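In: Quick one, fold the following:
(chains A and B)
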Amino acid sequence: GQNIDQPTEMTATEGAIVQINCTYQTSGFNGLFWYQQHAGEAPTFLSYNVLDGLEEKGRFSSFLSRSKGYSYLLLKELQMKDSASYLCAVPGSGGSYIPTFGRGTSLIVHP
Amino acid sequence: GAVVSQHPSWVICKSGTSVKIECRSLDFQATTMFWYRQFPKQSLMLMATSNEGSKATYEQGVEKDKFLINHASLTLSTLTVTSAHPEDSSFYICSAPQGVQETQYFGPGTRLLVL
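Out: All right, here's what the predicted structure looks like:
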């Protein structure tokens, strides 16, 4: 089976940097996703990592270490609109095509 | 990125009625689509996997006779909540995988309120 663990909630200050961690266990690895979900809305795709290292995309970066089963999402120059839930996810593996989502990390950005 | 639409975006109905929600992939084909339900401040809960040309696969605890899924074409899946009750009130979201890495593209969601 597949399992994902991420913190439930984090708070940060506007303009700061925050790192949201995710650890995972999978029967086979086919990459790792990060999604953003604002309250009352559906999730939207942020990033995909399949190789080790840091992928930078504007203010958001995502890091992957396959040997450690670990990823993080790094948000720089935080803005109030970044307050949202951030979901770590892996695609299906081991014969299943059903993706597995973490429970999400609720990020609260305050002035 | 790929676009998935959902209709209606919100619906209010009386207890006992049936509600149909449509999920469409607008610019790509999807042989598989996923239906989720999400209660306020809770995580996504997978209800079922919709398969084009075959029966849907339901997660444990989800009543297949209550939540009817039809994957009519490579771009359309429908979820019908039959004989809806107030406890069915929730946010229903569909997603479709696209690309080699199977990025999930989500519809905007349907908010259902059963009175």
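In: Centre of the chain to the strand of greatest length in chain B, how far?
Out: Using DSSP state E to define each element, chain B has its longest strand at strand B:90-98. Centroid displacement of strand B:90-98 relative to its chain, using CA atoms, centre = their mean, to the nearest Å, is 6 Å.
In: That one and chain A, any residue contact?
Out: Yes - against chain A, strand B:90-98 shows contacts by CB under 8 Å from any CB of the partner chain at B:91, B:93, B:95, B:97. Where C-beta positions appear, they are placed from N, C-alpha and C, glycine not excepted.
In: Which of the helices or strands spans the residue lying farthest from the centre of chain B?
Out: Here chain B reaches farthest from its C-alpha mean at residue B:100, the gap being 22.6 Å by CA atoms, centre = their mean. In this structure, residue B:100 sits in neither a helix nor a strand according to DSSP states H and E.
In: how near is the nearest residue to residue A:25 once chain neighbours are set aside to chain B?
Out: What sits nearest to residue A:25 in space, not counting adjacent residues and going by CB to CB, 6 or more residues apart in numbering or on different chains, is residue A:3, at 4.6 Å. With distances taken as CB to the nearest CB, to the nearest Å, residue A:3 is found 14 Å from chain B.
In: Run a quick neighbour tally on residue A:3.
Out: By other CB atoms under 10 Å in any protein chain shown, the residues close to residue A:3 number 12.
In: Same question for residue A:18.
Out: By the measure other CB under 10 Å, the count of residues near residue A:18 is 19.
In: what's across from it in the sheet?
Out: residue A:75 (DSSP bridges).
In: Equivalent analysis for residue A:10, please.
Out: Beta-bridge partners, per DSSP bridges, of residue A:10: residue A:107.
In: where exactly do the strands run in chain A?
Out: Counting by DSSP E, chain A has strands at residues A:3-5, A:9-13, A:18-25, A:32-37, A:44-49, A:53-57, A:60-65, A:70-75, A:84-90, A:100-101, A:105-110.
In: For residue B:66, find the nearest of the ones you listed.
Out: strand A:100-101 (23.2 Å; CB to CB).
In: and the residue nearest the centre of chain B, helix, strand or coil?
Out: Residue closest to the average C-alpha location in chain B (CA atoms, centre = their mean): residue B:35, at 3.7 Å. Under DSSP: H, G, I helix; E, B strand; the rest coil, the three-state class of residue B:35 is strand.
In: Who are the contact partners of the nearest residue to it once chain neighbours are set aside?
Out: Spatial nearest neighbour of residue B:35, excluding adjacent residues (CB to CB, 6+ apart): residue B:47 at 4.7 Å. Counting by CB atoms under 8 Å, 6 or more residues apart in numbering or on different chains, residue B:47 makes contact with B:35, B:36, B:37, B:58, B:59, B:62, B:67, B:79.
In: Hmm, residue A:69 is touching residue A:23, no?
Out: Yes - shown here, residue A:69 and residue A:23 form a contact pair, counting by CB atoms under 8 Å, at 5.6 Å.
In: just for chain A, where's the confidence low?
Out: Low-confidence segments of chain A, defined by pLDDT under 70: A:94-95.
In: what does it put close to chain B?
Out: So chain A meets chain B at A:30-31, A:33, A:35, A:40-45, A:48, A:50, A:87, A:89, A:91-92, A:97-99, A:101-104 (CB under 8 Å from any CB).
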